[in-house]
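1. sequence first, then the predicted structure:
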Amino acid sequence: MEFNELYWHDSVIKKIEIDRNHPGENDTISFEIDWYDTGISKILFEDVYWLRMDMNFGVIAEESIYEAYIASNDDIDIVRFNEKWSGVLKEALPCFIIKTASTGSEIKIIAKKFREDKL
């Protein structure tokens, strides 16, 4: 399953959970998504190293997704992250970006991997 190939547009974020029960060993972030075309499932980001959430509230509307994709390597947040972790991480990590239509929010996650769990 490829992150960029999922049908993100007009799907709805129902819930976001951050799990730090094993800090530094396996920090996870899960999104419960009501997919436009297939119903509800969870997207789970595992081994999260960085998160930025720029979210707007107070809008009476579902949190519908405008687009989601993996950022290019010249994204400023990836560049800064790689500078901080230079020499520590052996592999380049992807930066997953989710932008919403209803509130103009943006979520960026740098994590080793993601997966979909059907509910």
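-> Cool, the structure landed. The model shown is predicted, which means the values in this text are computed figures rather than measured ones.
2. switch to C-alpha atoms for all contacts and neighbour counts from now on
-> Noted.
3. partners of the strand ranked longest in the chain, with directions?
-> Longest strand of the chain, by residue count under DSSP state E: strand 39-54. In the sheet, strand 39-54 lines up against strand 28-35 (antiparallel), strand 106-118 (antiparallel) (DSSP bridges).
4. chain center to the longest one: distance?
-> Between the centre of strand 106-118 and the centre of its host chain there is 4 Å, according to C-alpha atoms, centre = their mean, to the nearest Å.
5. now do the SS call for the residue of the chain most remote from its centre.
-> Most distant from the centre of the chain: G87, at 24.8 Å, with distances by C-alpha atoms, centre = their mean. For G87, the assignment made with DSSP: H, G, I helix; E, B strand; the rest coil gives coil.
6. let me know the distance separating it from A71.
-> 22 Å (C-alpha to C-alpha, to the nearest Å).
7. returning to what we had before: other residues contacting the very next helix or strand once past the longest strand of the chain?
-> For strand 39-54, the following helix or strand on the C-terminal side (DSSP states H and E) is strand 63-70. Residues outside strand 63-70 that contact it (C-alpha atoms under 8 Å, 6 or more residues apart in numbering): 3-4, 8-14, 94-103.
8. okay, now the sheet partners of strand 63-70, with direction.
-> strand 12-19 (antiparallel), strand 95-100 (antiparallel).
9. let's test this: mean pLDDT of the shortest one, rounded?
-> So the one you mean is strand 95-100. What strand 95-100 shows for mean pLDDT is 97.
10. how far does that strand sit from the chain's center?
-> 6 Å.
11. same thing with the longest one?
-> In terms of C-alpha atoms, centre = their mean, the gap separating the centre of strand 12-19 from the centre of its chain is 10 Å.
12. repeat that for stretch 91-99.
-> 8 Å.
13. worst-scoring helix or strand of this structure, pLDDT-wise?
-> helix 76-85 (a mean of 92; mean pLDDT, DSSP states H and E).
14. K99 versus the residue farthest from the centre of the chain, what's the distance?
-> G87 is 31 Å from K99, where distance means C-alpha to C-alpha.
15. any regions of this structure where pLDDT drops low?
-> Confidence mapping of the chain against pLDDT under 70 gives the ranges 1.
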